[in-house]
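Peer 1: My questions are about this predicted structure, shown below with the sequence.
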Amino acid sequence: MGSDFLQRAGSTLRRSWDKGRMAIATRDLTTRELVSGGRGVTADIIRGTAVSAGEHVTVQIEGGALVARRCLTLVARNDSPPAAVVEILNQYCNVRPGTVSQVHDMAGMVEITITC
């Protein structure tokens, strides 16, 4: 009797486990995410450019200003970047990948997390 039950209920139990695992992985208002090792910096959005959160950009120093590019297109600029960010970029040949973490349309600014 026990083995028959397990054979019949096996797929149902697996589906139930999968649904529970999916529920745990789904974000909600109480979910807290750990911030990975990265350095955040703000920059002004270049006029006429659309930027969205989660977008990958390349961050570098050009003429003392921090610039973020999508491929070859300039999307954001900070004319006075923090010294810590400049130091990080200098350690990595002046180019690092970054991710747009937040877009503030009203202020015309983005927050970029630079991968360290």
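Peer 2: Noted; the coordinates are in hand. Not measured: the values here are computed from a predicted model. Residues are numbered from 1 along each chain as shown.

Peer 1: any chance you could map the strands in this structure?
Peer 2: 38-45, 56-62, 65-70, 73-78, 95-104, 109-115 (DSSP state E).

Peer 1: Rebuild these as a markdown table, extending it with mean pLDDT and distance to residue 84.
Peer 2: Placement of C-beta: from N, CA and C, glycine included. Formatted as a markdown table, the strands of the chain follow (pLDDT from 0 to 100; distance: least, CB to CB, whole Å):
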| stretch | mean pLDDT | distance to residue 84 |
| --- | --- | --- |
| strand 38-45 | 91 | 7 |
| strand 56-62 | 95 | 13 |
| strand 65-70 | 96 | 12 |
| strand 73-78 | 96 | 13 |
| strand 95-104 | 94 | 13 |
| strand 109-115 | 93 | 10 |
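
Peer 1: any chance of the ones you listed in CSV, with distance to residue 4 too?
Peer 2: CSV is the format used below for the strands of the chain (distance: least, CB to CB, whole Å):
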stretch, distance to residue 4
strand 38-45, 54
strand 56-62, 53
strand 65-70, 59
strand 73-78, 62
strand 95-104, 52
strand 109-115, 54
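
Peer 1: export these to TSV and tack on mean neighbour count and distance to residue 88?
Peer 2: Output for the strands of the chain, formatted as TSV (neighbours: other CB atoms under 10 Å; distance: least, CB to CB, whole Å):
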stretch	mean neighbour count	distance to residue 88
strand 38-45	18	6
strand 56-62	17	10
strand 65-70	20	11
strand 73-78	18	14
strand 95-104	16	7
strand 109-115	20	7
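
Peer 1: Ok, which of those strands comes nearest residue 86?
Peer 2: When the strands of the chain are compared by CB to CB, strand 56-62 sits nearest residue 86, at 6.1 Å.

Peer 1: strands paired with that closest one, and their directions?
Peer 2: Counting by DSSP bridges, the strands paired with strand 56-62 are strand 65-70 (antiparallel), strand 95-104 (antiparallel).

Peer 1: what angle separates it from strand 73-78?
Peer 2: 60 degrees (axes from the mean of the first three to the mean of the last three CA atoms, to 10 degrees).

Peer 1: can you list the residues that contact strand 56-62?
Peer 2: Residues from elsewhere that reach strand 56-62, judged by CB atoms under 8 Å, 6 or more residues apart in numbering: 41, 66-70, 75-76, 81, 86, 89-90, 94-100, 112, 114.
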